[in-house]
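Asks: please find the sequence and the predicted model below.
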Amino acid sequence: MKRFISLFISALMITCSLSGCLTASAANYAESLRSSGFSESYIDSLVELHSKYPNWEFRVFKTGLDWSTAVAGERSQHKNQIIEKSSSYGDRYYCNCSKCKVNGKYVYQYSGCYSASQWAVEYFMDPRNWLDEQHIFQFHSNEYSNSETQAGVEAILKPTWMHNANITYKNTNGSTVTYKTKSGGTLKYSKSILLAAQNSGLSAYYIASRIVKEVGSTKPSATGVCGTKLPFTGMYNYYSIGATSGGTSGLEFASGYLRTETKTTLFSSYDSKKKQGSGTKTTLAAKQYMSYIGTYGDYYKVRLYSQSGYTSGAVGYVLKSALRTKYFNYGRPWTNPHKSISGGAKYIANSYLEYQNTGYLEKFNVNSASGMLHSHEYMQNVDAVSIEAVSAYKAYKEAGLLNSKHTFYIPVFNNMPGDTSGGGATQSQQNSSVPANLKLTFRTTESIRIKWNAVSGASKYYVFVKNLTAGNTFGKTVTTPYARVNGLTAGNKYRFTVRAYKNGKWSEYSKTVTIKAIPMKVKYKVAKAKNGRKIYTSWKKVKGVDGYLISYARDIKFKNKVAQKRVNSKTFDYTGKNFTKGVTYYVRIRAYKKSGKKTYYGKWSAVRAVKCR
């Protein structure tokens, strides 16, 4: 890692440790970001994050690459940039070139995945689209930190069968066994991941997020973790390393590509007394592939297979000396989950940590110093790294570590587009067909109304929406220069942009506007008087809010207010100096959400009358 940092300082990266700016004003902090090399379109988001997390360090990684050149490089082979077919994605996400869309149908590059469109690559590749507190973790350093905990790992594993579970698996003979340590104890998945992090130098949260993304589910049913996939029974690949044509090819990687080097013999049995192969003999030609089952003296027990379709063959014993075992490194063959988790972590660290030390760089290799520009990329799905970022964020949050020091390496390109919503046009390239003056006109808990300047000659407009809180996207087509977007989640943060359809083609997207849906209306549980002129109130918790405002008044229309209090709990016991015994008071509550210096309030709850006693 030292080589990584020194190389970037001398050649590509201008780093600025911002810890010295923590007590500076927002304006001074913004200027320090500019002087470190961040362009203006990064500043507001980073300043907002810094105000909430002053211990976070944002370091600029100057790629030295022109934006359009970098995008073209990533798309040089469309099959290397893919995206899953999903109901949350529309046609704009899928490439419609003559090779990727044939006879009106998109071509599957891999199971359930199409080639990503240029728009999609630009959108997921533009760092400025991911500068919120969750998705920014794709730029987080992947180095291990001793602040990482097993509890944090468990938080990431929570949606899967690995959560709080001991390692149990199918061995190479098909039997279900529980993993035992050298001392005879059991081993939890979370502990295995933490040990792998300590041994490899990779972040434990990064490892856990990657595993969840690749094979996570409520059950170990994925090819790489089920242990029952022939011909690789008892083989495991928790990271899908080497899975270039589906999960089975990843198991071939896990098995170490075992094959014969020369013509040799397969024995049907093994004589343990004579310590040699016995029984029926079968002649094997050179380059016969096989999967490892077990070790017996100078022999391996193996299962033959054909690489064409991975068709299973005979089981028997072959002399070790006749086999190629040069890929028996990183603990391969991975015959149990712990070996896969540990060996895979070392493989990834050795392959990526020096030059591609963030999730973003693993997906989009824009580091010229790696010598493998736009290649040597760990994943093919363009949205994978943004999904993994959210998992890492949640782990730090659950472990109470969000306020700790975190370092983020954020790429900056030359001639970046003025709009971050995809399309690739720089500000100078945008024309009068681009909708202007996009702004909010109305909002509720579940809907937002926006408007923009009408484009002369435009027959329709497309509104693109990204939920910055949850990470999902959607859109709608309208024929008016305004739109109401429904189905929002109360308190969530959304980014909007619009483009116009004119003269048979779509314009570039407008500048974006970021808006929060207001919090949900509060629902009471109890509002009652207590001795000593007290009023006790409780209500149902509203998700995603920063607190609640309680108002007390002498009249039901709240013209004669007695007091207002902000609280962050869902109960409040208030003693009012102005409360008078025998007098009826009126109480109402509303939730609020903060965004920078602004506070957004939800609707008032129903009014409750309480007679003080």
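Replies: Nice, thanks for sending it over.
Asks: for stretch 249-265, list the C-alpha coordinates in PDB.
Replies: Included here for stretch 249-265 are C-alpha records, laid out as PDB according to Å, rounded to 0.1, in the frame of the first residue of the first chain:
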ATOM      1  CA  SER A 249     -16.400 -21.700 -14.000                       C
ATOM      2  CA  GLY A 250     -15.800 -20.000 -10.600                       C
ATOM      3  CA  LEU A 251     -15.800 -23.500  -9.000                       C
ATOM      4  CA  GLU A 252     -13.200 -24.600 -11.600                       C
ATOM      5  CA  PHE A 253     -11.000 -21.800 -10.400                       C
ATOM      6  CA  ALA A 254     -11.600 -22.900  -6.800                       C
ATOM      7  CA  SER A 255     -10.600 -26.400  -7.600                       C
ATOM      8  CA  GLY A 256      -7.200 -25.200  -8.900                       C
ATOM      9  CA  TYR A 257      -7.700 -26.300 -12.600                       C
ATOM     10  CA  LEU A 258      -6.400 -29.700 -11.700                       C
ATOM     11  CA  ARG A 259      -5.500 -31.800 -14.800                       C
ATOM     12  CA  THR A 260      -3.100 -34.400 -16.100                       C
ATOM     13  CA  GLU A 261       0.300 -33.200 -17.500                       C
ATOM     14  CA  THR A 262       1.100 -36.500 -19.300                       C
ATOM     15  CA  LYS A 263      -0.600 -39.700 -20.200                       C
ATOM     16  CA  THR A 264      -1.300 -41.600 -16.900                       C
ATOM     17  CA  THR A 265      -3.600 -44.100 -15.200                       C
END
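Asks: so where's this structure uncertain?
Replies: 1-25, 87-88, 419-432, 444-445, 518-520, 524-526, 531-532, 544, 576-578, 595-597 (pLDDT under 70).
Asks: can you map out the helices along it?
Replies: For the chain, helices defined by DSSP state H occupy the ranges 2-7, 26-36, 40-52, 67-74, 118-125, 150-157, 189-200, 204-215, 223-226, 247-254, 337-352, 359-363, 384-398.
Asks: any chance of those helices in a markdown table, with mean neighbour count and distance to residue 604 too?
Replies: Using the backbone N, CA and C atoms, a C-beta is placed for each residue, glycine as well. As requested, the helices of the chain are exported to a markdown table (neighbours: other C-beta atoms under 10 Å; distance: least, C-beta to C-beta, whole Å):
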| stretch | mean neighbour count | distance to residue 604 |
| --- | --- | --- |
| helix 2-7 | 13 | 54 |
| helix 26-36 | 16 | 32 |
| helix 40-52 | 17 | 28 |
| helix 67-74 | 19 | 47 |
| helix 118-125 | 23 | 39 |
| helix 150-157 | 22 | 35 |
| helix 189-200 | 22 | 44 |
| helix 204-215 | 27 | 40 |
| helix 223-226 | 23 | 50 |
| helix 247-254 | 24 | 53 |
| helix 337-352 | 22 | 52 |
| helix 359-363 | 26 | 43 |
| helix 384-398 | 22 | 30 |
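Asks: can I get those in TSV with distance to residue 598?
Replies: Shown next, in TSV, are the helices of the chain (distance: least, C-beta to C-beta, whole Å):
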stretch	distance to residue 598
helix 2-7	38
helix 26-36	14
helix 40-52	11
helix 67-74	32
helix 118-125	27
helix 150-157	30
helix 189-200	39
helix 204-215	31
helix 223-226	46
helix 247-254	47
helix 337-352	40
helix 359-363	30
helix 384-398	23
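Asks: out of those helices, which gets nearest to residue 504?
Replies: For residue 504, the closest of these is helix 118-125, at 18.0 Å, according to C-beta to C-beta.
Asks: and of the helices of the chain, who's closest to residue 440?
Replies: Proximity to residue 440, assessed across the helices of the chain by C-beta to C-beta, is greatest for helix 40-52 (16.9 Å).
Asks: can you list the residues that contact that closest one?
Replies: With contact meaning C-beta atoms under 8 Å, 6 or more residues apart in numbering, helix 40-52 is reached by 18, 21, 26, 29-30, 33-34, 38, 56, 58, 127-128, 131-133, 136, 410, 412, 416, 418, 420, 596.
Asks: and stretch 173-186, by the same measure?
Replies: Here stretch 173-186 makes contact (C-beta under 8 Å, 6+ apart) with 166-171, 187, 228, 233-234, 293-294, 336-338.
Asks: separate out the buried members of the residues you listed.
Replies: With burial judged by 16 or more other C-beta atoms under 10 Å, the buried subset of these is 167, 168, 169, 170, 171, 187, 233, 234, 293, 336, 337, 338.
Asks: mind checking which of those residues are in strands?
Replies: 168, 169, 170, 293 (DSSP state E).
Asks: ok, the third one touching residue 227?
Replies: Yes: with contacts counted by C-beta atoms under 8 Å, residue 170 reaches residue 227, the gap being 3.3 Å.
Asks: overlap of the contact sets of these two?
Replies: Here residue 170 and residue 227 share the contacting residues 233, 234, scored by C-beta under 8 Å, 6+ apart.
Asks: please spell out the ChimeraX selection for the buried subset of the contacts of helix 40-52.
Replies: Remark: buried members of the contacts of helix 40-52, expressed as a ChimeraX selection using 16+ other C-beta under 10 Å:
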select :18,21,29,30,33,38,56,58,127,128,131,132,133,136,410,412,416,420
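Asks: so which of the contacts of helix 40-52 are in strands?
Replies: Per DSSP E, the contacts of helix 40-52 map to strands at 56, 58, 410, 412.
Asks: which of those residues lies closest to residue 469?
Replies: Nearest member of the ones in strands among the contacts of helix 40-52 to residue 469, counting by C-beta to C-beta, is residue 56, at 18.6 Å.
Asks: how close does that closest one get to residue 160?
Replies: 28 Å (C-beta to C-beta, to the nearest Å).
Asks: list the contacts of stretch 75-85.
Replies: Contacts of stretch 75-85 (C-beta under 8 Å, 6+ apart): 74, 89, 93-95, 97, 99-100, 106, 109-110, 112-116, 118, 120-121, 374, 377, 380-383.
Asks: and those, which are buried?
Replies: 74, 89, 93-95, 100, 106, 109, 113-116, 118, 120-121, 374, 377, 380-383.
Asks: and residue 598, how many neighbours?
Replies: Using other C-beta atoms under 10 Å, residue 598 is surrounded by 8 other residues.
Asks: for stretch 98-117, how far is the first residue from the last?
Replies: 12 Å (C-alpha to C-alpha, to the nearest Å).
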